[in-house]
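S.K.: sharing a model that was predicted from the sequence below.
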Amino acid sequence: MTVHFIGAGPGAHDLITVRGLRLIERCPVCLYAGSLVPDEIVQAAPANALVMDTAPMHLDQIIAEIEKAHAEGKDVARVHSGDPSIYGAVAEQMRRLDALGIDYEVVPGVPAFAGAAAKLKAELTLPEIAQTVIVTRTGMKASSMPEGEQLEVLGRSGATLAIHLSIRNLDYIRRSLEPYYGADCPVVIAYRATWPDELYIRTTLAEMKEKVREAKITRTALVMVGKVFGETEFRDSDLYNSDFSHVLRNRGKKKASA
């Protein structure tokens, strides 16, 4: 018996990996985060499978269902949104399973920032503009940020930022980042990226709060900040430069015609 932690992707039901979908199709137990995982994905479970929304459940209840499946020798598809390695709350589940001696594996998924970038047709790393992507969040009343991970610190990098779980912290985001990025730095608010009702707001640090208020967005949104958004004045990468050689291509050498 194995518990399969599966990343369902950012929202579109066809962005789950083939591996993840095949596991859901064969597992007799499917536990999924109902508020963030599309119904179409869990509908792929076998007709006689136990399919349970864990959104209203606490950790002990979830582990109890897994223990029950383990006792019955039934594999479990534990389906999370996005990629399990990012804000997936899977570490505490895996810790419990380690203590219980229950086998598990992790199947990666498409993270929200990658899904949003694809819909925006944006490359998050452009030559001499930004070569680093920082995936982060901001502290809220329920949870603070570890020392050194505050935006006031991360903003010094000038990197492309994918800020999760922070749509209600826009004043803080602007105040923290303006000294490094400037008030006119491009911002994209990605609401429910890749879902049917997705919305993308292109704005700036100075204007993002007003735009978000106008759109009445209060949750399920990613704040992406960086000069790469809308930037067109960047040099070409050396990857395809005819004057640049690497192990797979000699400089200036053209492939002979057939």
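M.R.: Happy to help now that I have it. Numbers count the residues shown, from 1 in each chain.
S.K.: report the residue ranges of every domain in this protein.
M.R.: 3-107, 112-225 (automatic domain parsing).
S.K.: okay, how far is it across the longest one, tip to tip?
M.R.: Start and end residues of domain 112-225 are separated by 14 Å (Cα to Cα, to the nearest Å).
S.K.: could you do the shortest one as well?
M.R.: End-to-end distance for domain 3-107, by Cα to Cα: 11 Å.
S.K.: so where do the strands sit in the stretch 151-258 of the chain?
M.R.: Assigned by DSSP state E, counting those that start in this stretch, the strands in the stretch 151-258 of the chain fall at 160-164, 186-191, 199-204, 221-225.
S.K.: sheet partners, orientation included, of the third one?
M.R.: Going back to what we said before, that points to strand 199-204. strand 186-191 (antiparallel) (DSSP bridges).
S.K.: again with the last one
M.R.: When sheet partners are counted by DSSP bridges, strand 221-225 sits next to strand 160-164 (antiparallel), strand 186-191 (antiparallel).
S.K.: that older thread, of all the strands of the stretch 151-258 of the chain, which one comes closest to residue 23?
M.R.: The closest of those to residue 23 is strand 160-164. By Cβ to Cβ, the value is 25.7 Å. Where you see a C-beta, it was placed from the backbone N, CA and C, and this is true even at glycine.
S.K.: what mean pLDDT does the closest one get?
M.R.: Averaged across strand 160-164, the pLDDT comes to 98.
S.K.: pLDDT weak spots in the protein?
M.R.: 141-142, 238, 240-258 (pLDDT under 70).
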